[in-house]
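Undergrad: With the input below, show me the fold.
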Amino acid sequence: MPTHRRQDSGEEPIPTEPAPETRNPPSEPDPQVLSPPPQDLPRGSLSQNQSDQGARAVNVAPALSRNPSSCSTSSNAKPHHEYLTAHAQPPDQPSPPATCPDSAPDKTPVEPPVTKATLSELDVQKIVHNPKLRHDINFDPELHFRPNLDGEKGKKKQDKANQFWTALLKQLTLFVTDRDSFHVRYGHGDWCLPSLLRAVREIIETLVPQRDRELLNEGLNVDLLMQQFDRGVADLEKLALWLASVLKLHCAPMRDEWVDDMYQELSEGNRSNNITELVKGMRSLLSVLEAMKLDVANHQIRCLRPVLIEDTVSFEQRYFVKKIELRKLTVAPSRMWYRAAQDHAERLYAESGMPHLQAFGETAVFFDALSRLVLPSTSLKAIPPTFIFDEDRMLKLRSDMHDSICLEICMRKYEDLDRLSRVTQMCRGTTPSYVSDEPRTSSRLSGEFNFMAPISSRPSSFAESDRGSNFSSPRTSGTFFSQPAADPADSRSRASELYNSLVALLQTAPPTTSPSQRWRSLVGPMALQILRYANAPSSLPLAGFETQLAGFLGDATCELFCEVEDQFQQKLLADLAKRVSEFRNISGVALFSVATSARASSRPRDQSQRSSGMFGDAAAAPREPREEAGVEDMAVRLAHLGTLHWRVWAPLAYEGDIEGEINTLQSGAHGVV
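TA: Presented below is the predicted three-dimensional model:
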């Protein structure tokens, strides 16, 4: 999940066509045809059905006993959705399942927390017919399923699981301590253990080939096992050994250690009559089966990816036309947005001509509007409904741009203060501390200020700036002193250090609902860090500078913010044109391959260097982090998103009007009737 989080659209109508279209469409997609079998799949045959093949995938979802809430997903999961997609995590051995609580629930749950029904959305047919997943698979090469443990939905799911295992523990304890009372209460067979064993059998049936399912009647005959259990002759250690052998035969080798732990827990609990250990082993068994089913689904995603990507445009057009016919989607706002973009471009570029027209071709107006749509000053309500599957990606782009712009504003205020510091030092006839050969008594990163001695007042030229602020830029006010010469290398080094420290501060910010809220919480630390690096005079009040900085960072309509944002948009548009000219005429699979590889190559080596300062020479290589500002990565992401979006929606909403055609046909049909 998630970076950005997948939201399921399973409740929406889907096209009547059952599967993605290929040159030679099979009756059911065959992963073996689509990709060679991975080298580390399990020991079973590779010639079985898809479930058998997929069960042995690697590089899969995070360990189930770990809480995956740290993934880049949000907590607003739809109630019916049991599994999410997220970015890949390195597979690791899960910690042992938690033991059951002591208190019994008021109402005993009989259904296990994981069943064939809860895992059904991982079936290949559900994957193939999931429009949101099929769209997301175009953008994330590491997309995979993981359990949904996020938010309130995840908490309820975990509570329900704990209730089941607590109930099982108490029922087994009652069976051992008071057999008569147990038979009175559960003699009809409606209790947790038989329900669990049936769920285990049903899940295993989906994971093994057809010929092996007959063995389940011998090793996992639930009715026979329960009769043996009632008479006290059930051999749970033998059952555990049989289950371990079956699972090891059909699971990925990376799951072997987990299976061994499950067997040890069950056998040890059986030998020592430790009911808690037995329940712990059963919990591990169910978790292993869930992991194997996730392995199947994730392997199927990797195998089906080329077919699903290549069929994206055709599938989504059928899907959205169906939604338009059923009045569940309207493209009228999107058509109005595109028409308004055309009018805006005609007015804005009437004299100078639209930039990068040759690179964009017929999509020039669309990408010009799209680049403005993801700017921080644009209203959230402005995103047209045709971007229904891309809202999360666009909001992430907008958030990254907001960070870039705010960091650039911080660097500009630092440059202003740095000039002021040097001019002040010149007036006093002293050498600035940052160009002195004398050793410094403290670091700029320390908590101690080592500013120069206070001065009585600041030059009047700075106090009477055009913005009426004591902290305004010297570039906009009269200057009566020539600025002293400073070592350019030292100045660049200090600016680079400050930039990296500001990005580090940005990464420490807690998650918030909006970029503006995040930056309001960062104003104080950012202002303090800027003053430290600028060697600002001690007469400069921190509170005043912090207030001014907060005004610039917290108001997307202020002059400075708009100025930086406009320059950012122009720089983004230039990089976007290069990418669109590269992407516009290639196939879907080639687009996915080029865009995802370009993103990987455009990321700086230090992942913290992801934003701000976008005004360096585009032809210079390599550019400094501040000059790059993550613009290249953003341009790749936006070009990929926009190219795919245009292919789907241009004939439906922008160049054509499918909604109008459908309305006309439906009106005519009603008239005939």
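
Undergrad: Ends of stretch 377-395, what's the gap?
TA: Stretch 377-395 has an end-to-end distance of 12 Å (Cα to Cα, to the nearest Å).

Undergrad: in that stretch, what counts as buried?
TA: Within stretch 377-395, the residues scored as buried using 16 or more other Cβ atoms under 10 Å are Ser377, Ile383, Pro384, Thr386, Phe387, Ile388, Phe389, Asp390, Asp392, Arg393, Met394, Leu395. In this view, the C-beta of every residue, glycine as well, is placed from N, C-alpha and C.

Undergrad: for stretch 112-119, same thing?
TA: Across stretch 112-119, burial judged by 16+ other Cβ under 10 Å covers Pro112, Pro113, Val114, Thr115, Lys116, Thr118, Leu119.

Undergrad: and those residues, which of them are in strands?
TA: Judged by DSSP state E, strands contain none of the buried residues of stretch 112-119.

Undergrad: Tell me the one among those nearest to Leu326.
TA: Nearest to Leu326 among those: Thr118, at 28.5 Å, using Cβ to Cβ.

Undergrad: Neighbours of the residue nearest to the closest one when sequence neighbours are not counted, how many?
TA: What sits nearest to Thr118 in space, not counting adjacent residues and going by Cβ to Cβ, 6 or more residues apart in numbering, is Glu82, at 5.1 Å. For Glu82, the count of nearby residues is 20 (other Cβ atoms under 10 Å).

Undergrad: With only the CA atoms kept, save the strand or helix carrying Ala590 in CSV.
TA: Assigned by DSSP states H and E, Ala590 falls within helix 588-602. What follows is helix 588-602 as a C-alpha-only set of coordinates in CSV (Å, rounded to 0.1, in the frame of the first residue of the first chain):
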residue,chain,number,x,y,z
GLY,A,588,0.9,0.7,-22.3
VAL,A,589,3.5,-1.8,-21.1
ALA,A,590,6.3,0.3,-22.5
LEU,A,591,4.8,3.4,-20.8
PHE,A,592,4.8,1.5,-17.5
SER,A,593,8.3,0.3,-17.9
VAL,A,594,9.8,3.6,-19.0
ALA,A,595,7.9,5.7,-16.5
THR,A,596,8.7,3.5,-13.5
SER,A,597,12.4,3.2,-14.5
ALA,A,598,12.6,6.9,-15.1
ARG,A,599,11.3,7.6,-11.7
ALA,A,600,13.9,5.3,-10.1
SER,A,601,16.7,7.1,-12.0
SER,A,602,15.4,10.6,-11.3
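
Undergrad: Tell me where the stretch 51-200 of the chain has helices.
TA: 124-128, 131-136, 151-177, 179-186, 192-207 (DSSP state H, counting those that start in this stretch).

Undergrad: which one of the ones you listed has the lowest average pLDDT?
TA: Mean pLDDT is lowest for helix 179-186 out of those, coming in at a mean of 87.

Undergrad: Counting by contacts, list what that one packs against.
TA: Here helix 179-186 touches helix 151-177, going by 3 or more Cβ pairs under 8 Å, 6 or more residues apart in numbering; DSSP states H and E.

Undergrad: List the buried residues of the helix it packs on.
TA: Applying a neighbour-count criterion of 16+ other Cβ under 10 Å, one finds 153-154, 157, 161-172, 174-175 buried in helix 151-177.

Undergrad: circling back to that earlier point, what would the buried residues of stretch 112-119 look like in JSON lines with distance to Gly668 and pLDDT?
TA: Converted to JSON lines, the buried residues of stretch 112-119 look like this (distance: Cβ to Cβ, whole Å; pLDDT from 0 to 100):
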{"residue": "Pro112", "distance to Gly668": "54", "pLDDT": "93"}
{"residue": "Pro113", "distance to Gly668": "53", "pLDDT": "93"}
{"residue": "Val114", "distance to Gly668": "52", "pLDDT": "93"}
{"residue": "Thr115", "distance to Gly668": "49", "pLDDT": "94"}
{"residue": "Lys116", "distance to Gly668": "47", "pLDDT": "93"}
{"residue": "Thr118", "distance to Gly668": "46", "pLDDT": "92"}
{"residue": "Leu119", "distance to Gly668": "46", "pLDDT": "93"}
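
Undergrad: and Arg185, how far is that from Asp178?
TA: As defined by Cβ to Cβ, to the nearest Å, Arg185 lies at a distance of 10 Å from Asp178.

Undergrad: Among the two, which residue is more densely surrounded?
TA: Neighbours per residue (other Cβ under 10 Å) separate Arg185 from Asp178, with Arg185 holding more: 15 against 12.

Undergrad: Tyr319 and Lys328: what is the separation?
TA: Tyr319 is 11 Å from Lys328, by Cβ to Cβ.

Undergrad: ok, the residue nearest to Thr118 touching Ala117?
TA: No: using Cβ atoms under 8 Å, Glu82 is not in contact with Ala117, being 9.4 Å away.

Undergrad: mind listing the helices in the stretch 351-500 of the chain by residue range?
TA: Along the stretch 351-500 of the chain, counting by DSSP H, counting those that start in this stretch, helices occupy 357-360, 364-373, 391-428, 460-463, 488-507.

Undergrad: Show me the one of the ones you listed that comes nearest Pro541.
TA: Comparing those by Cβ to Cβ, helix 391-428 comes nearest, at 12.6 Å.

Undergrad: average pLDDT across that closest one?
TA: 87.

Undergrad: that older thread, mind listing what's buried along the helix holding Ala590?
TA: With burial defined by 16+ other Cβ under 10 Å, the residues of helix 588-602 counted as buried are Gly588, Val589, Leu591, Phe592, Val594, Ala595, Thr596, Ala598, Arg599, Ser602.

Undergrad: between those, which is nearest Glu277?
TA: Of all the buried residues of helix 588-602, Glu277 sits closest to Thr596, with 46.1 Å by Cβ to Cβ.

Undergrad: where do the strands sit along this protein?
TA: Assigned by DSSP E, the strands in the chain fall at 83-86, 144-147.

Undergrad: partners of the first one in the sheet?
TA: Under the criterion DSSP bridges, strand 83-86 sits next to strand 144-147 (antiparallel) in its sheet.

Undergrad: just the helices in the stretch 201-350 of the chain please.
TA: Ranges of helices within the stretch 201-350 of the chain are 210-213, 216-219, 222-230, 236-250, 256-272, 275-310, 312-325, 332-348, based on DSSP H, counting those that start in this stretch.

Undergrad: Can you dump the C-alpha atoms of the fifth one in PDB for me?
TA: Only the C-alpha atoms of helix 256-272 are listed here, as PDB (Å, rounded to 0.1, in the frame of the first residue of the first chain):
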ATOM      1  CA  ASP A 256       9.000 -23.000   6.100                       C
ATOM      2  CA  GLU A 257      10.200 -21.500   9.400                       C
ATOM      3  CA  TRP A 258       6.700 -20.200  10.200                       C
ATOM      4  CA  VAL A 259       5.300 -23.700   9.400                       C
ATOM      5  CA  ASP A 260       7.900 -25.300  11.700                       C
ATOM      6  CA  ASP A 261       6.900 -22.900  14.500                       C
ATOM      7  CA  MET A 262       3.300 -23.800  14.000                       C
ATOM      8  CA  TYR A 263       4.100 -27.500  14.300                       C
ATOM      9  CA  GLN A 264       6.200 -27.100  17.400                       C
ATOM     10  CA  GLU A 265       3.400 -25.100  19.100                       C
ATOM     11  CA  LEU A 266       0.800 -27.700  18.300                       C
ATOM     12  CA  SER A 267       2.900 -30.700  19.200                       C
ATOM     13  CA  GLU A 268       4.200 -29.200  22.400                       C
ATOM     14  CA  GLY A 269       0.700 -28.200  23.500                       C
ATOM     15  CA  ASN A 270      -0.500 -31.700  22.800                       C
ATOM     16  CA  ARG A 271       2.300 -33.400  24.700                       C
ATOM     17  CA  SER A 272       2.200 -31.100  27.700                       C
END
